[in-house]
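1. Structure for this input, please:
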Amino acid sequence: MFISGGVNVYPAEIEAELLQHPSVADAAVVGAPDEQWGEVGVAFVVLRPGRHVPPDTLRAFLEARLARYKLPRAWAYVDALPRTAYGKVQKPLLEARSAEVLASREAEST
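-> I've put the predicted structure just below:
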């Protein structure tokens, strides 16, 4: 869980919706520090082979299913999510990268 604008956001809910998209093979969402909101979501997405989906398309897909405050602010496409030997996503590794992903998104929009 992360807190965005004083509201609890549960990544599992966002991940479950992302996995409903036909081009998404795997997904993980983590919180990243944000000056305005406290934390915002960063989605790490693994696409199915041969698929290309722009972040705006995934965002639009989620907008129909989730409240706006739950939508990830930044997106990163990865080949695979880091997992433990038991198959659990290693979210601390993704959290370490989330600020970098968010910063690159903000740099692109300026």
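2. From now on I want contacts and neighbour counts done on CA atoms only, so please keep to that.
-> OK.
3. Where do the strands of the chain begin and end?
-> Applying DSSP state E to the chain gives strands spanning 2-4, 7-9, 24-34, 38-47, 74-77.
4. most distant residue from the middle of this protein?
-> Distance from the C-alpha centroid of the chain, by C-alpha atoms, centre = their mean, peaks at Ala85 (22.5 Å).
5. From Tyr69, how far out is that residue?
-> According to C-alpha to C-alpha, to the nearest Å, Ala85 stands 33 Å off from Tyr69.
6. and if you look at Val9?
-> Taking C-alpha to C-alpha, one finds Val9 at 8 Å from Tyr69.
7. quick one, which of those two is more surrounded?
-> Between Val9 and Tyr69, Val9 has the larger neighbour count (other C-alpha atoms under 10 Å), namely 21 against 16.
8. Who does that one form a beta bridge with?
-> Phe2 (DSSP bridges).
9. which residues of the protein fall in helices?
-> Here the chain has its helices, by DSSP state H, at 11-18, 55-63, 91-108.
10. what's the most buried one of those helices?
-> Most buried of the helices of the chain by mean neighbour count (mean count of other C-alpha atoms under 10 Å) is helix 11-18; its value is a mean of 17.
11. Run through the chain and note the low-pLDDT ranges.
-> Applying pLDDT under 70 to the chain flags the ranges 107-110.
12. Try it again at 90.
-> 99, 102-110 (pLDDT under 90).
13. re the thing from before, of the strands of the chain, which approaches Ala60 most closely?
-> Checking those against Ala60 by C-alpha to C-alpha gives strand 74-77 as the closest, at 13.0 Å.
14. partner strands of that closest one, parallel or antiparallel?
-> strand 38-47 (parallel).
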